[in-house]
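Participant: return atomic coordinates for the entry below.
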Amino acid sequence: DLLKKKLGELNKDGRVTCNSFAVASQSALEDRTMKEICLQVIEQPANAASSLGTGIVRLMDYVALALFSVVGTQVAGDAGFNLIGCTLVGCVAGLGGRTINNVLYGNSSPLLKQLPGVFWARNPLYLAVAIGSSLVTFFVWPIYCEKMSMYYLETVIGKEKLEEDGSVGKDAFVIACERDGDFLNTIRIGMLPKMKMNALQEMTASNIFHYIDLDDSGTIDAQELNLLVEERVRNSWEMYAIDTAALASISVAGVHGAIRMGLHPLVAATSGVTMSLGGILRDVFCGRDLAAASQSYAFATGAGSSVYVLTRELALRGYPIIAPFRILLSICTTVSLRYWEYVRGEPLLAPMHGRKSLE
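Facilitator: As a prediction, the model looks like this:
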């Protein structure tokens, strides 16, 4: 019965004729080609607002790629990787999520004579952006950290108060902390990975000095202060904002690509989550805890993608929700969840076995 339905009449012995098979195959091929053509026509901008929305999505795609590559290179540099290793991790962080999406959902369309392969193989500009962002970060990031540490040593603490070897004594450090609250806050943020902020706020400047003095020399040298500056930048609200901007971008760009392929709305919504898998690959390469599993990476991007898919479905059913507004709602959802987590000071979602992990 199935053969009759798909291929037409059978021979007396129940076999399919060559002509019937060729006709049925040609019909199926034409149906699939027509579906892909219709999908591309539907996603073409119909007015100025739609054209603006398409342009925003394309821009956000490149912005997210660059930001993830920058953060990936920084993480690799902190792990001790060289130029090649940092560039590799930067490219994996920037390109990995969408590459996984291409493998999961497919992307090339041989029926419409598009090039095969993942997106960055078809459009090398993506690869160029990832490599360029990684290379720039590799050379600029250490210079920035060194300049900041020298600024704190020579300007905040003061050249005249430094020791002969350029290090900082306890008295000079305590005076600088008491005089400049921003400097003290910078030191505390730099110590966050090892201590909680509540504990740091209870520590005096003298106690903080002894904690920073890793070699118990009685002074803090430029290298020890440079490590704090790196940690301060890594744990600062600025870096959190960069991560948030990248996540907000992929929550739109990822789901938009899935929609153009005609995937089911539920699958399209999850594509925003899988786009963040580049961060997981970055953490695996560098031996870090998985950020997507313990922070709001997947949750925030999934929520933003779901909002975009929902508003698009409403627009297809006649509700006047233009593309730029859908994009704005998706971005606001992702950013709001990330901001909420930042203000709370802990992940939004509790781990499986309680809120506190075992040490």
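
Participant: look up the closest residue to I157, ignoring the ones flanking it.
Facilitator: Once flanking residues are discounted, I157 sits nearest to A176: 4.5 Å by C-beta to C-beta, 6 or more residues apart in numbering. Where you see a C-beta, it was placed from the backbone N, CA and C, and this is true even at glycine.

Participant: buried residues of the host helix or strand of the one you found, list them for me.
Facilitator: Per DSSP states H and E, A176 falls inside helix 170-179. Residues 172-174, 176-177 are the ones in helix 170-179 that count as buried (16 or more other C-beta atoms under 10 Å).

Participant: over to stretch 216-232?
Facilitator: 219-222, 224-232.

Participant: mind saving the C-alpha coords of it as CSV?
Facilitator: Extracted C-alpha coordinates of stretch 216-232, given in CSV (Å, rounded to 0.1, in the frame of the first residue of the first chain):
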residue,chain,number,x,y,z
ASP,A,216,55.7,36.6,52.0
SER,A,217,58.4,39.2,51.0
GLY,A,218,56.7,42.0,52.8
THR,A,219,56.1,43.8,49.5
ILE,A,220,53.8,43.5,46.4
ASP,A,221,55.6,43.5,43.1
ALA,A,222,54.3,44.4,39.7
GLN,A,223,53.7,40.8,38.8
GLU,A,224,51.5,40.1,41.8
LEU,A,225,49.5,43.3,41.1
ASN,A,226,49.2,42.4,37.4
LEU,A,227,47.6,39.1,38.4
LEU,A,228,45.0,41.0,40.4
VAL,A,229,44.4,43.4,37.5
GLU,A,230,43.7,40.5,35.2
GLU,A,231,41.3,38.9,37.7
ARG,A,232,39.6,42.3,38.2
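
Participant: and that stretch, how far from the chain's centre?
Facilitator: 30 Å (C-alpha atoms, centre = their mean, to the nearest Å).

Participant: ok, K161 - contacts?
Facilitator: Going by C-beta atoms under 8 Å, 6 or more residues apart in numbering, K161 touches 168-169, 172, 175-176.

Participant: go again using 10 Å as the cut-off
Facilitator: With contact taken as C-beta atoms under 10 Å, 6 or more residues apart in numbering, K161 is in contact with 153-154, 168-169, 171-173, 175-176.

Participant: for it, give its distance to G169.
Facilitator: 8 Å (C-beta to C-beta, to the nearest Å).

Participant: now for these two: what residues contact both?
Facilitator: Common neighbours of K161 and G169 (C-beta under 10 Å, 6+ apart) are I175.
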